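# for reference, the sequence and a predicted model appear below.
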Amino acid sequence: MLSFGLHKKFGDHIRHLRKQKDWTQETLGEKANLDWRYVGDVERGEKSPTLETIRKLAKALKISLAELFSSFK
């Protein structure tokens, strides 16, 4: 299981990518077929997304999984 620090860091990264597109959590949720509240939970590091959810987020953000993780610091 990932530590909270890593969850928070990943969530911050998703938030950064979402805001670069000037999207709300609702917009990202719609595009990723996820509930916007869940998107908020991921961004705050409160939820541990599955690989399928990470794939949905990357697809919605129009980046590959490789790009998502290579830009994640």
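That came in fine, so what should we check first? Numbers count the residues shown, from 1 in each chain.
# tell me the buried residues in stretch 62-71?
By neighbour count on 16 or more other C-beta atoms under 10 Å, the buried set for stretch 62-71 is Leu68. In short, each C-beta sits where N, CA and C put it, glycine included.
# hmm, who's touching that stretch?
13, 17, 54-55, 57-58, 61 (C-beta atoms under 8 Å, 6 or more residues apart in numbering).
# end-to-end on that stretch?
Stretch 62-71 has an end-to-end distance of 14 Å (C-alpha to C-alpha, to the nearest Å).
# cool, stretch 32-48 as well?
16 Å.
# centroid residue for the chain?
With distances taken as C-alpha atoms, centre = their mean, Ile14 lies nearest the centre of the chain, 3.8 Å away.
# from Ser64, how far off is it?
Counting by C-beta to C-beta, to the nearest Å, the gap from Ile14 to Ser64 is 15 Å.
# mind listing what Gly45 touches?
Residues in contact with Gly45 (C-beta under 8 Å, 6+ apart) are 4-5, 7-12.
# I meant to write Ala60 there.
So Ala60 contacts 28, 31-32 (C-beta under 8 Å, 6+ apart).
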